[in-house]
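Trainee: no FASTA, just this:
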């Protein structure tokens, strides 16, 4: 009999791995359990659905259950795995709409249980108009709620990527939006000086940002904070996520950073025959030299590929992360990779930084937009540890050049030497990334 | 007495080096001779001036003679250096508008004499309506000629970057444009399959492209070719450039590839105390492992920086080129770096390639445009030797990621692992560059 692979989760982590394994090993018997109704979707697209830039949630689905079935994967949507017995090689499965639990045997198991929005222990946090956003089902509920209540006042708790994207989305949707952030700045993934540029852009969109303010409770129609009350008929939680790792923990599988499942370079967990991929597991940070939990779609997809290849007996290695991320808030593009200056200092690096202002195209070319680039380098080795970009259209994806440089441990001098592309519609003759490297020297 | 540096040429090569040296060594006595009227301008912007996207030639000037003077550089526009006597340490200078020659002494010399459009030995090539485009003065003449004659029929000889950019510019300007290219494809810097995508885009702009056709002569109001006559009241030469290296040669300085001045990693020529930078000199191609002549603005600026630092006694190395270039023709963005498949084969590499089609943004996101990426890798080492990109808005600058990977001798497997940036407005979850790398595996 062929091996049987059970995938826990119907999204990029587990399904990505299962699909990769099935492609390489067509006789593999694959069954996947997904609690929700959809598979293989782009949760990152949710804010753009709420903001009206994407017309339907179905557009975010890369592969439906039926499409997976056609590729030979037995997909059971509406089914939740509630227990894993490693000794017996069985999972306990329960239909979400009721009915009893059943057991399903496996030879190999891949966990892609994802993560869920953190819910702070606040009075009122479980009121029905308080929403986290992780799955498409969450998004559907959220928008239904917003339409039902005709939300005029939206409070976003937390000024991270998702918080700010949702803030902009609800502004486009027509609501008054306030972002409440307990720390002194939004986007703590950036240094304060770079985050300040984003705050200014949000001012122009009439989004109220309240930093250094803590939410103390939620009541019908309002949010109470350390700086007074805010009217609210909808509250969005954007203070981060926590891995759905309880199933793994209860099965005796090792957890690490932030309770994420610990995996090795082949995405194997501490249990034989069990892999994990995506937001439920950790990864190795190449610059920090330690394991971290970075729940991002790119990381999930790369991990899933490696897990699937390894499951099928192939050869692949997940070479780690450096914290590259990009977003757009209020027409301002934001990219980051490696370590910020604050992160580098916290990690004990002796470093220096440079910030430059330039333009996305030759300054004389139409629609040249401002771009600010910050680079951070280790003082002794000269290695570039990270970079941040904030600017107009055409800014953010330049972070990939910095990411590739950081990945290869290039110095600022080596970055100045790089043979990057120039033509007036695309760049000044020195790309802003290289102008920042020159300033570092 | 302080050292005296003479700069031959008023543009990025010589002036860039002179400015860098003067910044580092303020007591350096610097005098620069420029044959034309302008200094430090972006010649790459000329097609966009002709096409009306840039309003004035002065917008292309980064630093005027007066601005250089304020920084302590003695700039003599309208003055041409006609001889270099290395033994006596003097240059012979002649005013362009007449008058006698004079001699100027130097301790150090930097040559930035640039390049000039090739003029094929054709009957009629010296007729007044036949133009090459290199300097802003050329551009001014060209546009004056076009306006005087009310050019309706423009023939561009040569389908390289400049040829195609000028073809589009004259289409925007209102002329009927035909490009005559002697080889079977336009853009020989690309493989034929990728160049074909550009040809298709040009079709949509009503630019007639005649490949495999040679120009045999030019007569008043027409161009004769191996495929018949073409009406022409303006002819633009776009078949490449040749270094202005006669001055160096006559002084006994060594020339190399395509008669470019041979320089070392500090931009020193074969003569003591003489540096060169820009289109007049050669550079080391890191992938080919040989010296080449690649006349591009980015190369010039990087070389000028190194020359200037070395002149001032500092420490810098020009680490070479990998042939990165980018342009936009008829709304289609084009990028290339490293070696094409054809170039790799000619150079004796055993290689394989992959071509993928993807989108510039998440496929469901508004204004996602098609993008085609080709990667070429060496079979044995797996090193990525080069990449090519053709696509819609947001495509071309992704070539920088490939360039940085090629620069660092990454393999396709390593590129798949790279931590690149993703958000729906910027990329599919696998950046097209990585999708191409996956296809290579």
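Mentor: Now that the structure is in, tell me what you want to look at. Keep in mind the model is a prediction, meaning the values are calculated, not measured.
Trainee: can you find the helix or strand in chain A with the smallest mean pLDDT?
Mentor: Evaluated with mean pLDDT, DSSP states H and E, the helix-and-strand set of chain A has its lowest mean pLDDT in helix A:136-149, which scores a mean of 86.
Trainee: so which elements touch that one?
Mentor: Packing contacts for helix A:136-149, counted by 3 or more CB pairs under 8 Å, 6 or more residues apart in numbering or on different chains; DSSP states H and E, involve helix A:46-50, strand A:130-132, strand A:234-237. Any C-beta I mention is one placed from the backbone N, CA and C, and that applies to glycine too.
Trainee: tell me where the model's unsure across chain A.
Mentor: Within chain A, the stretches with pLDDT under 70 are A:1.
Trainee: centroid-nearest residue for it?
Mentor: Within chain A, the residue whose C-alpha comes closest to the C-alpha centroid is residue A:296; the distance, by CA atoms, centre = their mean, is 2.8 Å.
Trainee: isn't it up against residue A:322?
Mentor: No - in this structure, residue A:296 is not within contact of residue A:322 by CB atoms under 8 Å, at 11.5 Å.
Trainee: up against chain B, what does the stretch 1-150 of chain A have?
Mentor: Listed as neighbours of chain B in the stretch 1-150 of chain A under the rule CB under 8 Å from any CB of the partner chain: A:12, A:42, A:44-45, A:48, A:53-54, A:59-60.
Trainee: filter those residues down to the ones in helices?
Mentor: A:12, A:48 (DSSP state H).
Trainee: neighbour-wise, which of the residues of the stretch 1-150 of chain A next to chain B leads?
Mentor: Neighbour counts for the residues of the stretch 1-150 of chain A next to chain B were taken using other CB atoms under 10 Å in any protein chain shown; the highest belongs to residue A:12, which has 29 neighbours.
Trainee: before we move on, the earlier item: what comes into contact with the least confident helix or strand of chain A?
Mentor: Contacts of helix A:136-149 from elsewhere in the structure, counted by CB atoms under 8 Å, 6 or more residues apart in numbering or on different chains, are A:36-38, A:41, A:43, A:46, A:49-50, A:57, A:60-61, A:128-129, A:131-133, A:151, A:154, A:170, A:173, A:175, A:233-234, A:236.
Trainee: returning to what we had before: which one of the helices and strands packed on helix A:136-149 lies closest to residue B:249?
Mentor: Within the helices and strands packed on helix A:136-149, the stretch nearest residue B:249 is helix A:46-50; the backing value is 60.3 Å (CB to CB).
Trainee: need the residues that contact the next helix or strand along the chain from the closest one.
Mentor: For helix A:46-50, the following helix or strand on the C-terminal side (DSSP states H and E) is helix A:65-70. Contacts to helix A:65-70, defined as CB under 8 Å, 6+ apart, come from residues A:10, A:15, A:19, A:32, A:34, A:38-40, A:75, A:77.
Trainee: looking at those residues, which are in helices?
Mentor: Those of the contacts of helix A:65-70 mapping onto helices are A:15, A:19, per DSSP H.
Trainee: pick out the residue of the stretch 151-300 of chain A closest to chain B.
Mentor: residue A:298 (4.5 Å; CB to the nearest CB).
Trainee: for that residue, what are phi and psi?
Mentor: Residue A:298 adopts backbone torsions of phi -60, psi -40, taken as degrees, to the nearest 10.
Trainee: if we can go back for a sec, tell me the angle of the following helix or strand past the least confident helix or strand of chain A relative to helix A:136-149?
Mentor: From helix A:136-149 onward toward the C-terminus, using DSSP H and E, the following helix or strand is strand A:153-157. Orientation note: strand A:153-157 sits at an angle of 150 degrees relative to helix A:136-149 (axes from the mean of the first three to the mean of the last three CA atoms, to 10 degrees).
Trainee: quick one: list the elements packing against strand A:153-157.
Mentor: Helices and strands in packing contact with strand A:153-157 are listed as helix A:161-173, strand A:176-180, strand A:228-231, strand A:234-237; criterion 3+ CB pairs under 8 Å, 6+ apart.
Trainee: mind redoing it with 7 Å?
Mentor: Under the contact criterion of 3 or more CB pairs under 7 Å, 6 or more residues apart in numbering or on different chains; DSSP states H and E, strand A:153-157 touches helix A:161-173, strand A:176-180, strand A:234-237.
Trainee: circling back to that earlier point, distance to residue A:83 added to the helices and strands packed on helix A:136-149, as TSV?
Mentor: Formatted as TSV, the helices and strands packed on helix A:136-149 follow (distance: least, CB to CB, whole Å):
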stretch	distance to residue A:83
helix A:46-50	30
strand A:130-132	25
strand A:234-237	28
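Trainee: out of these, nearest to residue B:396?
Mentor: Among those, the nearest to residue B:396 by CB to CB is helix A:46-50 (24.2 Å).
Trainee: can you pull out the residues in contact with that closest one?
Mentor: Applying CB atoms under 7 Å, 6 or more residues apart in numbering or on different chains, the contact partners of helix A:46-50 are A:54, A:57, A:60, A:133, A:136, A:139, A:143, A:165-166, A:169-170, A:173, B:365, B:424.
Trainee: buried stuff in that helix?
Mentor: Taking 16 or more other CB atoms under 10 Å in any protein chain shown as the basis for neighbour counts, the residues of helix A:46-50 that come out buried are A:46-50.
Trainee: same thing with stretch A:169-188?
Mentor: By neighbour count with 16+ other CB under 10 Å, stretch A:169-188 contains the buried residues A:169-173, A:175-182, A:185-188.
Trainee: narrow the contacts of helix A:65-70 to those that are buried.
Mentor: Among the contacts of helix A:65-70, those scoring as buried are A:10, A:15, A:19, A:32, A:34, A:38-40, A:75, A:77 (criterion: 16+ other CB under 10 Å).
Trainee: distance to residue B:118 added to those, as a markdown table?
Mentor: Written out in a markdown table, the entries for the buried ones among the contacts of helix A:65-70 read as follows (distance: CB to CB, whole Å):
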| residue | distance to residue B:118 |
| --- | --- |
| A:10 | 61 |
| A:15 | 57 |
| A:19 | 54 |
| A:32 | 62 |
| A:34 | 64 |
| A:38 | 60 |
| A:39 | 59 |
| A:40 | 54 |
| A:75 | 63 |
| A:77 | 65 |
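Trainee: burial measure for residue A:313, as a count.
Mentor: By other CB under 10 Å, the residues close to residue A:313 number 10.
Trainee: tell me where the stretch 251-400 of chain A has helices.
Mentor: Listed in chain order, the helices of the stretch 251-400 of chain A (DSSP state H, counting those that start in this stretch) span residues A:297-311, A:341-346, A:399-407.
Trainee: now the residue lying closest to residue A:163 once chain neighbours are set aside: how far from residue A:376?
Mentor: Counting by CB to CB, 6 or more residues apart in numbering or on different chains, the nearest residue to residue A:163 once its immediate chain neighbours are dropped is residue A:238, at 2.8 Å. Residue A:238 sits 26 Å away from residue A:376, taking CB to CB, to the nearest Å as the criterion.
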